[in-house]
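In: Return atomic coordinates for the entry below.
(2 chains)
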Amino acid sequence: MQFRSEKLSNGLEVIAEVNPEAFSLSLGYFVKTGSRDETPEMAGVSHFLEHMMFKGTDRRTAEDVNQELDDLGSQSNAYTSEEQTVYYMSVLPEFQHAALDLLSDMMRPALRDEDFQTERQVILEEIAMYDDQPPYGAMERAAEAYFREHPLGRRVLGTRETVSELDPEAMRAYHQARYAPDNLTLVASGAVDFEQLLKSAEAMTTQWKPSQAKRQLVLPTFCNDMLSMVHPPATQQYTLQYSPGPSYCDEARYIARILGTILGDDSGSRLFWELVDTGMAETAATFTQEFQECGLFCTFLTCAPEQHDENWCIIQEILAQGKEVPITALELELAKNKICSGMILGSERPSNRLFSIGNAWTIRRTYETIQAASEHYREVTLESVQKAFEALADRTSVTVSVGPEAS
Amino acid sequence: MQQKVFEHRLSNGMVVLGEPMPWLESVAFSLLLPAGTKNEPQDRLGLAGLTLEMSQRGAGPYSSREVVERLDFLGVDRSSNVTTFHTSMSMAAMSRVLEPTLEVAAAIVREPHFPEDELDEARQSALLELASIDDDPAQKCFKELKRMRFGEVFGRSSLGSESGLTDTTLDDCKEFHRKHYSPDRAIISLAGNFDWDRFLVIADRLFGDWKGPAYVGPTSVVSYPGNSHLCHDSQQTHIALAYDAVPYNHPEYYQGRGLVGILSDGMSSRLFAEVREKRGLVYSVSASAHSLHDCGSVLCYAGTTAPRAQETLDVTVQTIRSLENGIDPAELKRLKARVRTSLVMEQESSSSRSSQMAHDWAYLGRVPSRQELLKTIEALSCESLLNHYKNHPPRRWSLVTIGPDPLEFSDAVS
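Out: Have a look, this model is predicted:
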């Protein structure tokens, strides 16, 4: 396993974790753009653009793109989050050049008007699909209430209104500003021929011009709030709580992740034994969500509406018991084993490694082997987890609950 | 694609399979027991799932809590579920902890405590899971489709029924366990970094003296066509559609699977291209091959906002029927490329390999090699696919929709 990185003359960074023993390789363009980089009027443009990137280029029709992705036998997809848009493919090593050619060409899409109108319908279907699904918009509502004016409060998919009003011209301008070589990283993992990758990338992106795209980083201000939403067709009650947590760049994130596992993992955690194992709740979980300059400690409950209030009180009590029921050495050890083993098991596929190394490099500019990443967890002390646990008692929080009736 | 699959049968009938993948650090195993929903008494729907849940609440030397703590200590990633014919348990871990992990799995299967004081809690969990499906219309759609299409016994959901779960006693669980957690037709398949001879010694120690009643084979499964609609206050209408196809153990299975691939594998597949890309009707549309013993079906799904649901259904059916006009050589080439890639990538995951082996043995009584599979796929031709379509055209359609309004569907009675 060898890590390689280079910067091309146009500013495009190319990084790879090369494993000559691997059966496949994965390639991805990581674009440092997401819903947090949009204006409120253009909410959803990053995600809409991600769909449009599959709709053809000057050299390829939409059909060509889809057919070539399949010709290469690739497993490919894309996603958009608050902070990034990622396009990736996993292929056999013999297709490295062809895959890079296709993926690089896709980064310069035609953005044709007629495709834009058809794809808008698909996006509106996607929004309708999520509106119908639990937790019925509670996550988006919680982010809006928690982050308020902060850019992380915006919806990744946008809204029916913003998506209906987006126009292709504005999308083209957004693409030009955000998909510049100095805002993209080409990431590869597995059986990569790195020299060849560099050579091909240089040739394929020579026309790309840097744009000095910026991202506004602001620390959010927190408040306490509690909101209730009614979704009459729902049969269960869903409650989500956001509190401050460490960012993706904060060393304390290892502590918070371990604490989240001890308190609210889907098996063997304190909430599991108290509420899930006993059949009182379908889900009772705590977990972290990390962004570039800030993060969240999240609590989630799903249960029957009539049991909700009692369950929520129990959760609040458990989270406030830092002093009374300290974390034990056994709990810490089990959480570390679970996390570290999960990381190693997950890393066997190059496609999974692609995201770990891509995220670490684009946001933190670091590369870590699995062993080094495991070490961070192994080094976490009982005292530090205990301290983080005790601090939960005084946390600020925004809570959103949705169910069939007002709670 | 070097590959060695080991097979062994213990004296009690249990089948032991292994495929070494020494380039990995992990091992994964699947344990398949002939205990499915079809074995439940009619008034105890949900018993198979509840028995599985109860068997994990204390077994062998471990208390309920110790089962979880032991597996967490070992860093084991695990899952378990119940299907029509089987109860299955899958675990993946670092290869050095294989033996202690197998010990926990064997205890769960062979020596569950069935603690009296935990039955109500397990029942409550199962009832919650059953209730929560009402908030998942897509899953509910397929649950209803299965019930309608495969009938009283083979169409059961592993979630069970409210009355079945409520009436189940601890004795029912013990009885189900005694009758169906049995070595005859049980399979354990292991893939990853391990030594076969050493594994056989462990398997023999843990399962060799296991006794149980002989397996009673399933009667034939048949499909019943039909059409139903469930009213739901949602923006989208969910469409679940099924028609007959050849099952997994049929000599022409891969012809039929190839046709499903032309319809739904990849972004250039016909359903994705016609329903989503050209018309923008859906975010999600797909088809998959499904086998229940000797009964094969193609299952399709599409989700779309209510005013466009009729058009979506019509275009989906037209696209399926467009197979009768023939297969383009380029489509077949893409299909083969995708299969080649996935066969190679299968070597990157011990979990997917172990579950595939167990599935193969349960359906075919053997584990086909990657080379054999590749040869079968390479031999597919546009003509053979079209012939297969003509000999096995879509028939005996089932349709279930969930949403504000029902849809018109004339094929449902054919």
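
In: got the contact list for residue 226?
Out: No chain was given, so I picked chain A. Residue A:226 makes contact with A:398-401, according to CB atoms under 8 Å, 6 or more residues apart in numbering or on different chains. In this view, the C-beta of every residue, glycine as well, is placed from N, C-alpha and C.

In: think we crossed wires, I meant chain B
Out: Residue B:226 neighbours (CB under 8 Å, 6+ apart): B:148-149, B:398-399, B:412.

In: again, but for residue A:56
Out: Per CB under 8 Å, 6+ apart, neighbours of residue A:56: A:62-65, A:109-110, A:112, A:115.

In: Quick check: the gap between it and residue A:112.
Out: Noted for residue A:56: a distance of 7 Å to residue A:112, by CB to CB, to the nearest Å.

In: thinking again about what came up before, give me the buried subset of the contacts of residue A:56.
Out: Neighbour counting by 16 or more other CB atoms under 10 Å in any protein chain shown classes A:62, A:64-65, A:109, A:115 among these as buried.

In: Just the pLDDT at residue A:223, thanks.
Out: Residue A:223 carries a pLDDT value of 86.

In: For stretch B:288-298, measure first residue to last.
Out: For stretch B:288-298, the first-to-last residue distance is 6 Å (CA to CA, to the nearest Å).

In: Could you list the contact residues of the stretch 251-400 of chain A toward chain B?
Out: Contacts of the stretch 251-400 of chain A with chain B, taken as CB under 8 Å from any CB of the partner chain, map to A:267-268, A:273, A:276-282, A:302-304, A:330, A:333-335, A:337-338, A:340-342, A:344-345, A:348-350.

In: Keep only those of these that are in strands.
Out: A:302-303 (DSSP state E).

In: So which of the residues of the stretch 251-400 of chain A next to chain B sit within helices?
Out: Counting by DSSP state H, those place A:330, A:333-335, A:337-338, A:340-342, A:344-345, A:350 in helices.

In: Report the entries of the contacts of residue A:56 that also contact chain B.
Out: Answer for the contacts of residue A:56 near chain B (CB under 8 Å from any CB): A:62-63, A:65.

In: Same list, those residues, but as CSV with pLDDT and secondary structure please.
Out: Below are those laid out as CSV (pLDDT from 0 to 100; DSSP: H, G, I helix; E, B strand; the rest coil):
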residue, pLDDT, secondary structure
A:62, 95, helix
A:63, 96, helix
A:65, 97, helix
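
In: quick check, nearest of those residues to residue B:394?
Out: Proximity of the ones next to chain B among the contacts of residue A:56 to residue B:394, judged by CB to CB, is greatest for residue A:63, which lies at 25.4 Å.

In: Isn't the closest one up against residue B:270?
Out: No. Here residue A:63 does not reach residue B:270: they are 11.9 Å apart, not a contact under CB atoms under 8 Å.

In: Helices along the stretch 201-350 of chain A, start to end?
Out: Along the stretch 201-350 of chain A, the segments classed as helices by DSSP state H, counting those that start in this stretch run A:253-264, A:270-271, A:308-319, A:329-346, A:350-359.

In: can you put those in JSON lines and add mean pLDDT and mean neighbour count?
Out: Formatted as JSON lines, the helices of the stretch 201-350 of chain A follow (pLDDT from 0 to 100; neighbours: other CB atoms under 10 Å in any protein chain shown):
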{"stretch": "helix A:253-264", "mean pLDDT": "98", "mean neighbour count": "24"}
{"stretch": "helix A:270-271", "mean pLDDT": "98", "mean neighbour count": "23"}
{"stretch": "helix A:308-319", "mean pLDDT": "98", "mean neighbour count": "18"}
{"stretch": "helix A:329-346", "mean pLDDT": "96", "mean neighbour count": "19"}
{"stretch": "helix A:350-359", "mean pLDDT": "95", "mean neighbour count": "21"}
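
In: Skip the chain neighbours and tell me the closest residue to the one residue in the stretch 301-407 of chain A that gets nearest to chain B.
Out: Of all residues in the stretch 301-407 of chain A, residue A:341 sits closest to chain B, with a separation of 2.5 Å (CB to the nearest CB). Spatial nearest neighbour of residue A:341, excluding adjacent residues (CB to CB, 6 or more residues apart in numbering or on different chains): residue B:75 at 2.5 Å.

In: how much space is there between that neighbour and residue A:344?
Out: 8 Å.

In: which neighbours do these two share?
Out: Common neighbours of residue B:75 and residue A:344, using CB under 8 Å, 6+ apart, are residue B:94.

In: tell me the pLDDT at the residue sitting furthest away from the middle of chain A?
Out: What lies farthest from the middle of chain A is residue A:324; by CA atoms, centre = their mean that is 34.8 Å. Listed pLDDT for residue A:324 reads 97.

In: which phi and psi does it have?
Out: Backbone torsions for residue A:324, taken as degrees, to the nearest 10, come to phi -80, psi -40.

In: Just to check, residue A:33 is in contact with residue A:85?
Out: Yes. Here residue A:33 lies in contact with residue A:85, judged by CB under 8 Å, at a distance of 5.7 Å.

In: Identify the contacts common to the two.
Out: By CB under 8 Å, 6+ apart, the residues touching both residue A:33 and residue A:85 are residue A:46.

In: Can you classify residue B:402 by secondary structure?
Out: strand (DSSP: H, G, I helix; E, B strand; the rest coil).

In: just the one 4 residues further on next, same as before
Out: Secondary structure of residue B:406, reduced to three states by three-state DSSP: coil.
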